[in-house]
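**Q** Everything below, folded, please.
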Amino acid sequence: MKQIERTMSDTPVWQLLTISDPKSLKEAYLQQHHAVQFVARVAKSYLPNKADDSHTNLGWHDESGDLLSHFIDDTFYMGLNPETLSLRVYDPSFHELGVFDMDGATENEVTEWIKESLEELGYEVDELVSKMHYDLPDHPTASGATFNRTGQEGEFAELARFRANSDVILAHIAGQFETASDVRTWPHHFDHGSYIPVAFDEAGEATKSFGIGLGLPDPYSDQPYFYINLWQKDGELDDTNLPELAAGGQWNQKDWHGAILEAEAFVGLKTAEEQLQAVHDFFHSAINAVAVLLHEQESIAKQLKG
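**A** Numbering: from 1, shown residues only. All right, here's what the predicted structure looks like:
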């Protein structure tokens, strides 16, 4: 079977991660997760609805360090800078039209700024949804507390590096597959990833697939982690005899089938190059294992570019 490329020489630079305890990032993550909902609310309100909610997902913009909405009505982008916890509005030429520092602000104050920005752009603010249609992990900001980065600037910055780095590795891997979706952040779970179907029925609907992504503290791990999940429409997956994964990756069989590589397995490596290679080796071993588990070695090999 043809395998995904091992070299990472053609990708942007990985930023060295230096956090000594990845479990300490949870509070900063929760605030970022709640903050990104403002961008999702704007997208849900002013973009055409899609059944899979893909109109609300966001892309990583490396130059600004923002998570950006889709282009809204050919008029503006809205973005969240997860490091500074600030909202930004950009025109079609990506000139900044406004910025709001959320540090020290409540949800109501942020919403009022968004409404003012929308009015300046000529939009009816009554169309702005008040909340998303899914539940989020609980946090005091949802009950009137202020967003607060004070004393946690390093944690917010480290999580932004995780997001930037995930875009590097995930775009590199997804770019090798003909059927891969764009790498995007989904506001519900705040994961950053790509969906890759590998088998289809006569109607062209996917019957087997896998996904790659970055997950953040959730019921499956108390720290950031990279993951691969797999799915098939019919039959049970036989994951009773699983191969060992590279770089300290572990198989997950709780609620979903796949594997994870927790941050503590690679953040202790001394150079950015070593960290990047460890994450890449994990995905390399996991994708080849998934091909066997799905019995789709041939189809996955055919989809690989090059």
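**Q** Could you pull out the helices in the stretch 1-150 of the chain for me?
**A** 26-46, 107-120 (DSSP state H, counting those that start in this stretch).
**Q** pLDDT of the helix or strand that comes right after the last one, averaged?
**A** Same thing as helix 107-120. The helix or strand immediately downstream of helix 107-120 is helix 153-174, counting by DSSP states H and E. For helix 153-174, the mean pLDDT works out to 97.
**Q** got it, and stretch 116-127?
**A** Per-residue scores along stretch 116-127 average to 96.
**Q** Only alpha carbons, please: show it as PDB.
**A** Once non-C-alpha atoms are left out, stretch 116-127 reads as follows in PDB (Å, rounded to 0.1, in the frame of the first residue of the first chain):
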ATOM      1  CA  GLU A 116     -23.000  48.000  16.800                       C
ATOM      2  CA  SER A 117     -20.500  46.600  14.200                       C
ATOM      3  CA  LEU A 118     -23.400  44.900  12.300                       C
ATOM      4  CA  GLU A 119     -25.400  48.100  12.200                       C
ATOM      5  CA  GLU A 120     -22.400  50.000  10.800                       C
ATOM      6  CA  LEU A 121     -22.300  47.400   8.000                       C
ATOM      7  CA  GLY A 122     -26.000  47.800   7.300                       C
ATOM      8  CA  TYR A 123     -27.300  44.600   8.900                       C
ATOM      9  CA  GLU A 124     -30.500  44.100  10.900                       C
ATOM     10  CA  VAL A 125     -29.300  43.200  14.300                       C
ATOM     11  CA  ASP A 126     -32.600  41.600  15.200                       C
ATOM     12  CA  GLU A 127     -31.500  38.700  13.000                       C
END
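**Q** Name the residues of that stretch that come out as buried.
**A** Neighbour-count burial for stretch 116-127 flags Ser117, Leu118, Leu121, Tyr123 (criterion: 16 or more other C-beta atoms under 10 Å). All C-beta spots, glycine's among them, are computed from the backbone N, C-alpha and C.
**Q** Next up, the contacts around Ser194.
**A** By C-beta atoms under 8 Å, 6 or more residues apart in numbering, the contact set of Ser194 is Leu170, Ile173, Ala174, Ala180, Ser181, Asp182, Val183, Arg184, Gly211, Ile212, Gly213.
**Q** what about the nearest residue to the first one once chain neighbours are set aside, how many residues close to it?
**A** So the one you mean is Leu170. Of all residues not flanking Leu170 in the chain, Val183 sits nearest, at 4.6 Å (C-beta to C-beta, 6 or more residues apart in numbering). Applying other C-beta atoms under 10 Å, we find 25 residues neighbouring Val183.
**Q** pretty sure Val183 contacts Gly193?
**A** Yes: with contact defined as C-beta atoms under 8 Å, Val183 counts as touching Gly193 (6.5 Å).
**Q** intersection of neighbour lists for those two?
**A** What both Val183 and Gly193 touch, as defined by C-beta under 8 Å, 6+ apart, is the set Leu170.
**Q** out of the contacts of Ser194, who's nearest Leu47?
**A** For these, the minimum distance to Leu47 (C-beta to C-beta) is 13.7 Å, reached by Arg184.
**Q** Quick check: the gap between the residue nearest to that closest one when sequence neighbours are not counted and Ala157.
**A** Spatially, and ignoring its direct neighbours in sequence, Arg184 is nearest to Asn57 (4.1 Å; C-beta to C-beta, 6+ apart). Taking C-beta to C-beta, to the nearest Å as the measure, Asn57 falls 23 Å from Ala157.
**Q** now do Leu30
**A** Following C-beta to C-beta, the distance that separates Leu30 from Ala157 is 16 Å.
**Q** Show me which of Asn57 and Ala157 is the more surrounded one.
**A** Ranked by neighbour count (other C-beta under 10 Å), Asn57 and Ala157 place Asn57 first, with 23 against 19.
**Q** ok, Leu159 - contacts?
**A** Applying C-beta under 8 Å, 6+ apart to Leu159 gives the contacts Leu25, Ala28, Tyr29, Gln32, Pro82, Glu83, Leu216, Pro224.
**Q** Recalculate using a threshold of 10 Å.
**A** By C-beta atoms under 10 Å, 6 or more residues apart in numbering, Leu159 lies in contact with 17, 19, 22, 25-26, 28-29, 31-32, 82-83, 152, 216, 224.
**Q** Distance check, it against Ile114.
**A** For Leu159, the distance to Ile114 - C-beta to C-beta - is 23 Å.
**Q** same question, Glu63
**A** 23 Å.
**Q** Ser93 now?
**A** Distance from Ser93 to Ile114, by C-beta to C-beta: 21 Å.
**Q** out of these two, which sits in the busier spot?
**A** Ile114 (22 against 5).
**Q** who touches the more buried one in this structure?
**A** Contacts of Ile114 (C-beta under 10 Å, 6+ apart): Phe38, Val39, Arg41, Val42, Ser45, Met78, Leu87, Val89, Gly98, Phe100, Val125, Leu128.
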